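**Student:** take this sequence and fold it.
(chains A and B)
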Protein chains: 2
Amino acid sequence: MPGRNAFSEAERAAVYRAIFERRDVRSQFRPDPIPDDVLARLLKAAHHAPSVGFMQPWRFIIVRDRARREAVHALFSRANAAAGQSYTDADTRSSYASLKLAGILDTPLNLCIVCDADSSRGRGLGRATMPEMSLYSTVCAVQNLWLAARAEGVGVGWVSIVEPDELCRTLEVPEHLRLIAYLCVGYVSHFEDQPELATRRWETRADLSELLHFDSFGEQDGQRARALLDAGRPEGSGNRTSR
Amino acid sequence: MPGRNAFSEAERAAVYRAIFERRDVRSQFRPDPIPDDVLARLLKAAHHAPSVGFMQPWRFIIVRDRARREAVHALFSRANAAAGQSYTDADTRSSYASLKLAGILDTPLNLCIVCDADSSRGRGLGRATMPEMSLYSTVCAVQNLWLAARAEGVGVGWVSIVEPDELCRTLEVPEHLRLIAYLCVGYVSHFEDQPELATRRWETRADLSELLHFDSFGEQDGQRARALLDAGRPEGSGNRTSR
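**Tutor:** Purely as a prediction, here's the structure:
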């Protein structure tokens, strides 16, 4: 019974490859246009995300217009400068300043994904106790698109260094809608082997065993957690699981 | 240059298969235990989600204890009864009552995924303008796990019909952490061909072309949107793209 509905070993390896080789891309973008068939597949992947009550609250703004992207880039530049100034430690500040954090103008395509939390679709199912589920459903759509993009050889970078209200005004998003993600989408010269924030020593990969709790929060057991994690190695992903 | 980093056609088909065949499972669970190697791969998939500033704010509570799950099920039952009563229309109320919305006690494993938004990991990068990014990063971890589970033949159901504060008290989650997802995880007899809320006529699949906007919100063009979407058909997914 277990595994009766499992994918083949090769299919599982492909799914794990997308998960482990997906990157938040900022620096390796190419100007090559994204063909409609590829963009269509990415949008359909997003549209097949789970959603609370089958609400499908995601709305997609396909931003190719140069003037719009330049306006968004200006918002990013201002927010990024302010963020850099917020670091009082000189080393951190220069480290932050050395990071490239968005490819808004480097990519032929930007995608703004917003959530219509007021939509009557789904008839409110699942949202009485957790109204934030409409936002989370839209985030699941972003992740579906991101993984599909990796499989297509397309890089995606999520820009969160921008004031949501200013961005929404720039793209004429009505006030009742909520910004979820502004994505830079484009082909890349290559995908980095490791997250850039790790190789640039901004942050390290956490030890997963330290993030596991058993039956209640705070019930941690390093030996038990490591034994559990050592049991699993995704087919085809080699040593990537240790990343 | 385009597609140079793309997966093979077979690999792309596997990724899209996971995306299109993933289901929110409530009714087809089997009691068979989830082996450690499978659970470990699911957790590693979640841990390789994108996170703002490489913050990795997700924390996992592996809930197998029957008493804990019974306590959570009691919270769900109360919230579900209240939700059902909130529908004033008799048909909607009976339709809601006929839906099975959680498999908390049907599955050998429940997973509670919480977010530590106060974590200093990531040094605040990307969160000054969008503090909600720590929550969204944790949702991306949920979606990674969900897709990996489909590839492993494991069903996942996200329970949002529960009071977050009560659930957190039940699992002893400190107040500074935020509930993101309570998942029922188990092998299934089969995966439904369509979302249950669609076959049970609770809600229909939206027409993706009506969710697309060009360069600014409100700029919609049905003909242009349909032409774009008709260009894409994921390899290996057959007519699923129309769902």
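
**Student:** tally of neighbours for the closest residue to A:Arg224 other than its chain neighbours?
**Tutor:** Closest residue in space to A:Arg224, ignoring its immediate chain neighbours: A:Phe214 at 7.0 Å, by Cβ to Cβ, 6 or more residues apart in numbering or on different chains. Placement of C-beta: from N, CA and C, glycine included. By the other Cβ atoms under 10 Å in any protein chain shown criterion, the neighbourhood of A:Phe214 contains 18 residues.

**Student:** ok, A:Phe214 - contacts?
**Tutor:** A:Gln220, A:Asp221, A:Arg224, B:Ile61, B:Ile62, B:Arg64 (Cβ atoms under 8 Å, 6 or more residues apart in numbering or on different chains).

**Student:** for A:Met130, same thing?
**Tutor:** With contacts defined as Cβ under 8 Å, 6+ apart, the neighbours of A:Met130 are A:Val52, B:Ser160, B:Ile161, B:Val162, B:Pro164, B:Leu179.

**Student:** does it count as helix, strand or coil?
**Tutor:** coil (DSSP: H, G, I helix; E, B strand; the rest coil).

**Student:** can you pull the pLDDT of it?
**Tutor:** A:Met130 carries a pLDDT score of 96 in this model.

**Student:** the one 3 residues further on now?
**Tutor:** A:Met133 carries a pLDDT value of 97.

**Student:** ok, A:Arg23 next?
**Tutor:** Confidence per residue is given as pLDDT, and for A:Arg23 that number is 98.

**Student:** for A:Pro234, same thing?
**Tutor:** 52.

**Student:** grab the nearest non-local neighbour of A:Ile19.
**Tutor:** Nearest in space to A:Ile19, with sequence neighbours left out and distances taken as Cβ to Cβ, 6+ apart, is B:Ala45 at 4.9 Å.

**Student:** count of neighbours near the one you found?
**Tutor:** Using other Cβ under 10 Å, the number of residues around B:Ala45 comes to 28.

**Student:** shouldn't A:Leu111 be within a strand?
**Tutor:** Yes: according to three-state DSSP, A:Leu111 belongs to a strand.

**Student:** got the contact list for it?
**Tutor:** Neighbours of A:Leu111 in contact, by Cβ under 8 Å, 6+ apart: A:Phe60, A:Ile61, A:Ile62, A:Val63, A:Leu145, A:Ala181, A:Tyr182, A:Leu183, A:Val185.

**Student:** swap in A:Ala225?
**Tutor:** By Cβ under 8 Å, 6+ apart, the neighbours of A:Ala225 are A:Leu208, A:Ser209, A:Glu210, A:Leu212.

**Student:** redo that, cut-off 6 Å
**Tutor:** A:Ser209, A:Leu212 (Cβ atoms under 6 Å, 6 or more residues apart in numbering or on different chains).

**Student:** hang on, the earlier thing: confidence score at the residue nearest to A:Ile19?
**Tutor:** In this prediction, B:Ala45 carries a pLDDT score of 98.

**Student:** and the one helix or strand it maps to, what other elements does it pack with?
**Tutor:** With elements taken from DSSP states H and E, the one containing B:Ala45 is helix B:36-47. The contact analysis (3 or more Cβ pairs under 6 Å, 6 or more residues apart in numbering or on different chains; DSSP states H and E) places helix B:36-47 against helix A:222-230, helix B:133-151.

**Student:** grab the nearest non-local neighbour of A:Ser189.
**Tutor:** Among residues not flanking A:Ser189 along the chain, A:Gln28 sits closest, at 4.7 Å (Cβ to Cβ, 6+ apart).

**Student:** and that neighbour, how many residues sit next to it?
**Tutor:** The criterion is other Cβ under 10 Å. On that basis, A:Gln28 has 20 neighbouring residues.

**Student:** sorry, back to before: who's the residue nearest to A:Arg224 bridged to?
**Tutor:** Beta-bridge pairing of A:Phe214 under DSSP bridges involves B:Ile62.

**Student:** narrow the contacts of A:Met130 to those in helices?
**Tutor:** When helices are assigned by DSSP state H, the members of the contacts of A:Met130 inside them are B:Pro164.

**Student:** outline the domain layout of chain A.
**Tutor:** A:19-204, A:206-235 (automatic domain parsing).

**Student:** which residues does the longest strand along chain A contact?
**Tutor:** Secondary structure assigned by DSSP state E gives strand A:178-187 as the longest strand of chain A. Applying Cβ under 6 Å, 6+ apart, the contact partners of strand A:178-187 are A:29-30, A:32, A:103-104, A:107-115, A:138, A:142, A:155-159, A:164, A:167-168, B:2.

**Student:** then the helix or strand following it to CSV, C-alphas only?
**Tutor:** In the C-terminal direction, the helix or strand that comes right after strand A:178-187 (DSSP H and E) is helix A:196-199. Below are the C-alpha coordinates for helix A:196-199, written out as CSV (Å, rounded to 0.1, in the frame of the first residue of the first chain):
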residue,chain,number,x,y,z
GLU,A,196,24.1,33.6,-2.9
LEU,A,197,23.5,34.8,0.7
ALA,A,198,25.4,31.7,1.9
THR,A,199,28.4,32.0,-0.5
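
**Student:** what residues of helix A:196-199 count as buried?
**Tutor:** Of all the residues in helix A:196-199, those buried under the rule 16 or more other Cβ atoms under 10 Å in any protein chain shown are A:Glu196, A:Leu197.

**Student:** skipping adjacent residues, who's closest to A:Asn80 in space?
**Tutor:** Distance criterion Cβ to Cβ, 6+ apart; nearest residue to A:Asn80, sequence neighbours excluded, is A:Ile161 at 5.0 Å.

**Student:** so that neighbour makes contact with A:Arg78?
**Tutor:** No: when contacts are counted by Cβ atoms under 6 Å, A:Ile161 is not listed as touching A:Arg78 (9.6 Å).

**Student:** out of those two, which sits in the busier spot?
**Tutor:** The neighbour comparison of A:Ile161 against A:Arg78 (other Cβ under 10 Å) goes to A:Ile161, with 26 against 15.

**Student:** quick one: contacts for that one?
**Tutor:** The contact partners of A:Ile161, taken as Cβ under 6 Å, 6+ apart, are A:Phe76, A:Ala79, A:Asn80, A:Ala83, A:Leu101, B:Gly126, B:Thr129.

**Student:** give the contact list for the fourth one.
**Tutor:** With contact taken as Cβ under 6 Å, 6+ apart, A:Ala83 is in contact with A:Ile161, B:Ala128.
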